[in-house]
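> what shape does this take:
(one chain, ligands or ions: 3)
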Amino acid sequence: MITLNTPIDMHLHLREGKMLRDVIPYTYNQFAAAVVMPNLVPPVDNKERLESYRDEILQNSENFTPLMNVFMREYTKEELEDLKNDIFAIKLYPAGITTNSEAGVKSIENVYPVLEIMQELGIPLSVHGETNGFVLDREREFAVVYEKLARDFPNLKIIMEHISTYNLVDLLDKHDNLYATVTLHHLLLTLDDLIGGALNPHNFCKPVVKTPKDRDALQEIVRSGHKKVMFGSDSAPHSIENKLKGAAGLFSAPVILPALAEFFDGDNDTFQKFISDNARENFDLNIPEKEVVLVEEEYIAPQMVGEVKPMFAGKRFSYSVKNF
Ligand SMILES: NC(=O)N[C@@H](CC(=O)O)C(=O)O
Ligand SMILES: [Zn+2]
Ligand SMILES: [Zn+2]
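Numbers count the residues shown, from 1 in each chain. Ligands and ions are numbered 1, 2, ... in the order given. I've put the predicted structure just below:
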């Protein structure tokens with residue numbers, strides 16, 4: 001049996017309407033809280049939309065704290081002061097780089113005044129860090145942007161989301177104010193799982209899963225319990241129809257804790273840090289405590305959840321979440 005105290009998913013996509021209602025139980029049954037991403041259409045980028053989205057989440061969940069993000073744009077100081085207590089962070093998407101990011105930032109310099117105010121008000125910055133270069137180089141190339149941001153805003157906490165390359169792992173000890181989230185899929189999969197056999201569109205996401213060397217570096221840093229490394233699933237549901245048209249994102253929510261329990265293989269202290277303590281300490285999160293228990297009973301990942309095919313559909317795990 002493994003008892004986790006107040007697990008937090010630091011990067012989650014819930015969507016809206018029926019899709020949200022279908023997928024959200026998989027999160028509130030495994031997590032006390034989650035950072036909810038704002039890349040809806042249109043994006044969550046003002047107080048009104050933020051409040052109505054948070055209400056929709058609260059109405060469809062139990063015993064769960066949504067930590068809301070808003071979509072980066074050229075906010076005024078008044079807007080940020082007004083949003084500050086309702087948000088966890090502001091999410092920066094380079095324009096067009098991932099799902100629903102068309103309204104993103106065209107040039108980072110455009111939002112320097114916003115970053116200045118965020119630094120002053122203590123609002124963290126969350127970043128999808130990819131250039132529009134060659135697909136396997138996009139994240140590595142973005143490292144210079146992360147380093148410039150870290151130097152230009154030394155008091156701004158910057159989260160490098162869903163890191164997928166060893167290059168970014170190396171930045172964590174170079175800059176005090178850089179943090180990272182790691183997904184389940186980047187921890188366990190490589191390009192072989194996407195294109196090594198028959199093409200598997202269900203394993204397609206951005207940033208794309210990478211080489212064994214990258215995956216091994218992620219496994220190593222996560223197993224080390226590094227304080228700046230936090231779990232963020234990037235669970236990103238798309239209908240099976242849209243996946244077959246090329247939509248990027250894996251719906252990993254149904255398998256997260258059983259798969260991580262196997263990954264940590266008895267090192268429950270490090271599991272606890274990765275799934276909760278590091279995030280709570282790095283960001284002084286004050287979330288009502290919630291225990292989630294894993295028992296040694298077989299769990300079979302569902303084949304479908306509504307219109308969505310989950311990661312590892314049909315796979316057997318040796319742990320299951322109690323009472324779920
Ligand atoms: N990761 C993905 O491939 N897709 C995410 C967006 C994102 O986090 O980049 C989505 O919203 O579908
Ligand atoms: Zn992203
Ligand atoms: Zn995401």
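
> contact partners of the helix or strand harbouring Ser52?
In the assignment (DSSP states H and E), Ser52 maps to helix 47-59. Under the contact criterion Cβ atoms under 8 Å, 6 or more residues apart in numbering, helix 47-59 has outside partners 14, 16, 20, 24, 36, 38, 40, 42, 44, 64, 66, 68, 70, 79, 82-83, 86-87. Where C-beta positions appear, they are placed from N, C-alpha and C, glycine not excepted.

> near the closest residue to ligand 2 within the stretch 1-150 of the chain, how many other residues are there?
Residue nearest to ligand 2 within the stretch 1-150 of the chain (Cβ to the ion): His128, separated by 3.5 Å. Other residues near His128 come to 24 when the count uses other Cβ atoms under 10 Å.

> any idea how far the spatially closest residue to it that is not a sequence neighbour lies from Tyr299?
Nearest residue to His128, sequence neighbours excluded (Cβ to Cβ, 6 or more residues apart in numbering): Tyr93, at 5.0 Å. Distance, Tyr93 to Tyr299, using Cβ to Cβ, to the nearest Å: 34 Å.

> who has more neighbours, these two?
Comparing Tyr93 with Tyr299 by other Cβ under 10 Å, the one with more neighbours is Tyr93, at 26 against 21.

> backbone phi and psi for Pro66, please?
Torsion angles at Pro66 (phi, psi; degrees, to the nearest 10) stand at phi -80, psi 130.

> how close does Asp234 get to ligand 1?
Distance from Asp234 to ligand 1, counting by Cβ to the nearest ligand atom, to the nearest Å: 5 Å.

> tell me the pLDDT of that residue.
If you check Asp234, the pLDDT there is 98.

> just Glu74 next, same as before
pLDDT for Glu74: 97.

> what sits against it?
Asn110, Val111, Pro113, Val114.

> which SS class is the third one?
Counting by DSSP: H, G, I helix; E, B strand; the rest coil, the backbone at Pro113 sits in helix.

> picking that back up, highest neighbour count among the contacts of Glu74?
Val114 (22 neighbours).

> so how far is ligand 1 from Asn323?
Distance of Asn323 to ligand 1, computed by Cβ to the nearest ligand atom: 29 Å.

> and the residue of the chain most remote from its centre, how far from ligand 1?
Distance from the centre of the chain peaks at Glu78, with 28.1 Å (Cα atoms, centre = their mean). Separation of Glu78 from ligand 1 (Cβ to the nearest ligand atom) stands at 29 Å.

> could you do Gly122 as well?
Applying Cβ to the nearest ligand atom, the value for Gly122 to ligand 1 is 24 Å.

> next one: phi and psi at Lys106?
Dihedral angles (degrees, to the nearest 10) for Lys106: phi -80, psi -30.

> and for the closest residue to it other than its chain neighbours, the neighbour number?
Excluding its sequence neighbours, the residue lying closest to Lys106 (Cβ to Cβ, 6+ apart) is Ala95, at 5.0 Å. The number of residues packed near Ala95 is 12, by other Cβ under 10 Å.

> do the same with Leu172
Neighbour count of Leu172, defined by other Cβ under 10 Å: 18.

> one more: Thr6?
21.

> hang on, it packs against Glu289?
Yes - counting by Cβ atoms under 8 Å, Glu289 is a contact partner of Thr6 at 5.1 Å.

> what do those two both touch?
Joint contacts of Thr6 and Glu289 (Cβ under 8 Å, 6+ apart) are Ala32.

> residue contacts, Phe274?
Val182, Val222, Gly225, Val229, Met230, Phe231, Leu260, Phe264.

> nearest spatial neighbour of Tyr166, skipping sequence neighbours?
Nearest residue to Tyr166, sequence neighbours excluded (Cβ to Cβ, 6+ apart): Ala217, at 3.5 Å.

> ditto for Val127
The nearest residue in space to Val127 (Cβ to Cβ, 6+ apart) is Leu92, at 4.8 Å.

> might one say that the one you found is in contact with Arg73?
No - in this structure Leu92 lies outside contact range of Arg73 using Cβ under 8 Å: 9.8 Å.

> could you list the low-pLDDT ranges of this structure?
Within the chain, no stretch has pLDDT under 70.

> do a quick rundown of the helices in it.
Secondary structure of the chain by DSSP state H: the helices cover 17-28, 47-59, 77-83, 112-121, 138-152, 166-171, 184-188, 191, 212-223, 240-244, 256-264, 268-272, 278-282.

> so how far is stretch 161-169 from its chain's centroid?
13 Å (Cα atoms, centre = their mean, to the nearest Å).

> ok, and what's touching it?
11, 91, 126-129, 139-140, 143, 146, 160, 180-183, 186, 207-210, 213-214, 217-218, 221, 232, 234.

> and those, which are buried?
Buried subset of the contacts of stretch 161-169 (neighbour count, 16 or more other Cβ atoms under 10 Å): 11, 91, 126-129, 139-140, 143, 146, 160, 180-183, 186, 207-210, 214, 217-218, 221, 232, 234.

> perfect, that will be all.
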